[in-house]
Every structure is written in structure tokens, then in C-alpha cells.
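[1] pasting the structure only:
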């Protein structure tokens, strides 16, 4: 079953349960996925769905940070609720140990010895951890290992 079909089923359940916060969050996620499909004029592949979810997750995190900085706790809480619903549909994130193991393997495969090899290592690591780790966290680990 596609992610969109799953979300529509969850949306129907949330509407029946009169869970307005979950309903609204699911509608936002569903809307993002459907607009991406419309833009590409074809159904999304699994990795494309994941990219849309990651983009939405990043937006929520940035919004939470901005609302908290502006002292708007109510809006920040709303965004946090949406983020929780969104994360239900994302793959389980990698642990730091697993991520370090993947980075170590990539460094060995590429034969990286200095910071000049950062791009090659990142190009090797990112497809392996797609959707399971944040790019900035991966970059930080790679930089620590190459330094």
C-alpha cells in the first residue's frame, strides 16, 4: 500500500475519532505528497515520498525553532504535534553507533585521508542513510573522522 493510501486511511480514522490536531497534520502531509505527485505528473516512488517527508520534517523543526525564539509557545506546540504525526510515517532513525559504522566503512572504501575527501565520503554515505539520518549530523561525523 502506498504512503498516500495509508495517510488517507489514517485521515479517515482521525476524522471519525474527531481528532482535529491529527486530522490537520495528516491533511498537510497528504497535501505535500499530492502536490509533489502533481508536479511530477506521476505517482511518487518510495524514495521520493521519503524526500517529501524529510522536507516537511525540516520545515516543522525550523518553524518550532522560530516560534520558540519569538516567544510563541502555542504555535510551537502545534508544530511539535504535527512533527510527531509526521515522524510516525518516517523510517526509524539510525543510532549514532550505526551511523559511525557506515561512515567508517565509507572512509575505508573511498580511501579518504583528509578533509579534501569530505565530498567523496558524503557522496558515498548519504544514499545509504537516506531518510534515516540528518545530513548535518552525517557531515559532522564525517568531519570529526577526517580531522
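    Nice, thanks for sending it over. Remember, predicted model here, so these are calculated numbers, not experimental data.
[2] Pull out the buried positions in the helix or strand hosting residue 123.
    Using DSSP states H and E, residue 123 falls within helix 118-129. Buried residues in helix 118-129, counting neighbours by 16 or more other C-beta atoms under 10 Å, are found at 121, 122, 124, 125, 129. All C-beta spots, glycine's among them, are computed from the backbone N, C-alpha and C.
[3] what comes into contact with that helix?
    Residues from elsewhere that reach helix 118-129, judged by C-beta atoms under 8 Å, 6 or more residues apart in numbering: 94, 99, 102-103, 106-107, 109-110, 112, 135, 138-139, 142-143, 146.
[4] And stretch 26-37, by the same measure?
    Taking C-beta under 8 Å, 6+ apart as the rule, stretch 26-37 contacts 3-4, 7-8, 10-11, 14, 43-44, 48-49, 52-53, 55-56, 82, 85-86, 89.
[5] which of these count as buried?
    3-4, 7, 10-11, 14, 44, 48-49, 52-53, 56, 82, 85-86, 89.
[6] Any stretches of the protein with poor pLDDT?
    1 (pLDDT under 70).
[7] Chain neighbours aside, what residue packs nearest to the residue nearest the centre of it?
    Closest residue to the average C-alpha location of the chain: residue 54 at 2.6 Å, with C-alpha atoms, centre = their mean. Leaving aside its sequence neighbours, residue 54 sits nearest to residue 131 (C-beta to C-beta, 6 or more residues apart in numbering; 6.1 Å).
[8] ditto for residue 26
    Nearest residue to residue 26, sequence neighbours excluded (C-beta to C-beta, 6+ apart): residue 11, at 4.4 Å.
[9] Looking at this protein, which helix is longest?
    Assignment by DSSP state H gives helix 46-69 as the longest helix of the chain.
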